[in-house]
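Q: with the sequence up front, the predicted model follows.
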There are 2 protein chains.
Amino acid sequence: MAEHRVRVPALAPQMILGPREARHLHVLRLRPGDPVRVFDGQGAEASATVEELDDTRAVLALGERVAGAAETPQPVTLAVALLKGDKLADVVRAATELGAARVQLLVTRHADAREIGGQKLTRLRRVAEEASKQSRRAVTPEVLDPVGLADLTWEGQLFVAQPGSRERLTEHLTWNAPVTVLTGPEGGLSDAEVAALTARGAVAVTLGPRILRAETAPVALLGAIVATGV
Amino acid sequence: MAEHRVRVPALAPQMILGPREARHLHVLRLRPGDPVRVFDGQGAEASATVEELDDTRAVLALGERVAGAAETPQPVTLAVALLKGDKLADVVRAATELGAARVQLLVTRHADAREIGGQKLTRLRRVAEEASKQSRRAVTPEVLDPVGLADLTWEGQLFVAQPGSRERLTEHLTWNAPVTVLTGPEGGLSDAEVAALTARGAVAVTLGPRILRAETAPVALLGAIVATGV
């Protein structure tokens, strides 16, 4: 379960809260020793531990600082088919800036599995790390080893970019559950691949009637997500 | 298979192309009687048939006109600050795929005007032409000579990407009037520049709390637009 989030005036080694906040922590059934998440509303966030708790005050001990305001309210995964040459690096870099928590590489019918190897994976992970620094994220997206489409699992919502679809991302997207967006390789996903995904609950969404390059679609789709303000 | 797309100066009952285009059609292994798609770069598009083809010329016969289905309901202009190196080419390519009707280059406080010259402009225009073919658009976006921010004029709505804004593009965007989206250079727009634009009616919109590279922001913002289905 996610830790309870407690707003504090400022992060400090020891944070003392008044009776009102103490009662709130009581209601949450917290006890000394329990972990909480503290944030100052200005983007600083940290783990903390309840040290003392009675009717008049709560004392919290600061733990490690964690990524705060730069993260989306639910994790966003980009599932992207293997692309030729250095295009995946560009996609991983942009996806990191756009807040993706995870990049899942995919082998699809038209994606060449020879396009990936240990060295390329290492490079993609380095790209994600550099991009997370540059975009001031404290979280570096994981870049996960490629899986076949049939082996892809997801939690929450899956949106697949599909030319010709009339469904709009913004009419389906909610922030009550994790989000995965999926885009195909240079040759596109096959109709059967898209059908198999929608049969499993994916929503095929439009990015307009034009043909997008495989490296443009993920940036456009993640752009549509961040334009909602996350 | 999709028909080959051939750019012609204008649609006419009989279209005669010179040696360069004739060679191109040869390379595509086209023969008299084969169908092609012709477009004039201004939005007019039609089916056509190869009538004659030799080393010196090609003659195409006009067939039925087709709707420019790949265009947005109102023209979308991307106003983008000059960027270093070859980044503008990437932006123009993606903007073309994402349906921009026009790319207006901008000189801003932190954009280096030395980054543009006649040769680079010519290259950007060629990139727009190639990308419009690949994305099956009948319209090639114009790439307009750079202007200063104060000299930028626009019709309809102007959205400027501004880190820290809480306004959402999708809550302001309408398709009753032309749309311009504006993004800054590597160093960002200055607060004064954004204030001057909003004083003239621009809406500063969010792309989330992360720092985007100057070449990612326009793709993300145009992605949010096309995700509305246009």
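A: Received the coordinates, thanks.

Q: what parts of chain A come near chain B?
A: Residues of chain A lying close to chain B (Cβ under 8 Å from any Cβ of the partner chain) are A:43, A:69-70, A:72, A:93-94, A:97-99, A:134-137, A:166, A:168-170, A:205-213, A:216, A:219-224, A:226-230. In this view, the C-beta of every residue, glycine as well, is placed from N, C-alpha and C.

Q: in helices, which of those residues appear?
A: Those of those mapping onto helices are A:93-94, A:97, A:134, A:169-170, A:219-224, A:226, per DSSP state H.

Q: please list only the buried members of these.
A: Neighbour counting with 16 or more other Cβ atoms under 10 Å in any protein chain shown marks A:Arg93, A:Ala94, A:Glu97, A:Leu169, A:Thr170, A:Val219, A:Ala220, A:Leu221, A:Leu222, A:Gly223, A:Ala224, A:Val226 as buried within these.

Q: re earlier: so which of the ones in helices among the residues of chain A next to chain B is the closest to A:Ala22?
A: A:Val226 (37.3 Å; Cβ to Cβ).

Q: nearest residue to that closest one in space, please, no chain neighbours.
A: With Cβ to Cβ, 6 or more residues apart in numbering or on different chains as the criterion, A:Val226 has its nearest non-adjacent residue at 3.7 Å, and that residue is B:Gly208.

Q: what is the burial count for the one you found?
A: 24 (other Cβ atoms under 10 Å in any protein chain shown).

Q: listing partners with orientation, what would you give for the helix or strand harbouring A:Leu60?
A: Using DSSP states H and E, A:Leu60 falls within strand A:58-66. Partners of strand A:58-66 in the sheet, by DSSP bridges, are strand A:14-17 (antiparallel), strand A:45-53 (antiparallel).

Q: may I have it as CSV, with CA atoms only?
A: Only the C-alpha atoms of strand A:58-66 are listed here, as CSV (Å, rounded to 0.1, in the frame of the first residue of the first chain):
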residue,chain,number,x,y,z
ALA,A,58,3.3,14.3,16.4
VAL,A,59,7.1,14.0,15.8
LEU,A,60,8.3,12.7,12.5
ALA,A,61,11.9,11.8,11.8
LEU,A,62,13.2,12.5,8.3
GLY,A,63,14.3,9.6,6.1
GLU,A,64,15.5,9.7,2.5
ARG,A,65,14.4,12.3,0.1
VAL,A,66,12.4,11.0,-2.8
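
Q: flag the shaky bits of chain A, pLDDT-wise.
A: A:1-2, A:41-43, A:67-69, A:138 (pLDDT under 70).

Q: how many residues are close by the residue lying closest to A:Ser190 once chain neighbours are set aside?
A: The spatially closest residue to A:Ser190, leaving aside those adjacent along the chain, is A:Arg109, at 5.0 Å (Cβ to Cβ, 6+ apart). For A:Arg109, the neighbour count with other Cβ under 10 Å is 15.

Q: part of a strand, is A:Arg109?
A: No. Using DSSP: H, G, I helix; E, B strand; the rest coil, the assignment for A:Arg109 is coil, not a strand.

Q: you'd agree A:Asp90 is up against A:Glu215?
A: Yes. With contact defined as Cβ atoms under 8 Å, A:Asp90 reaches A:Glu215; the gap is 5.8 Å.

Q: what's A:Leu17 in contact with, if anything?
A: A:Val6, A:Val8, A:Leu25, A:Arg57, A:Ala58, A:Val59, A:Leu60 (Cβ atoms under 8 Å, 6 or more residues apart in numbering or on different chains).

Q: likewise for A:Gly201?
A: A:Leu158.

Q: same thing but 10 Å
A: Residues near A:Gly201 by Cβ atoms under 10 Å, 6 or more residues apart in numbering or on different chains: A:Trp154, A:Gly156, A:Gln157, A:Leu158.

Q: just say helix, strand or coil for it.
A: Quick answer, by three-state DSSP: A:Gly201 is coil.

Q: could you look up the SS state of A:Val36?
A: Classified using three-state DSSP, A:Val36 is strand.

Q: and it, how far from chain B?
A: According to Cβ to the nearest Cβ, to the nearest Å, A:Val36 stands 23 Å off from chain B.

Q: count residues in the vicinity of that residue, would you?
A: Neighbour tally, A:Val36, other Cβ under 10 Å: 20.
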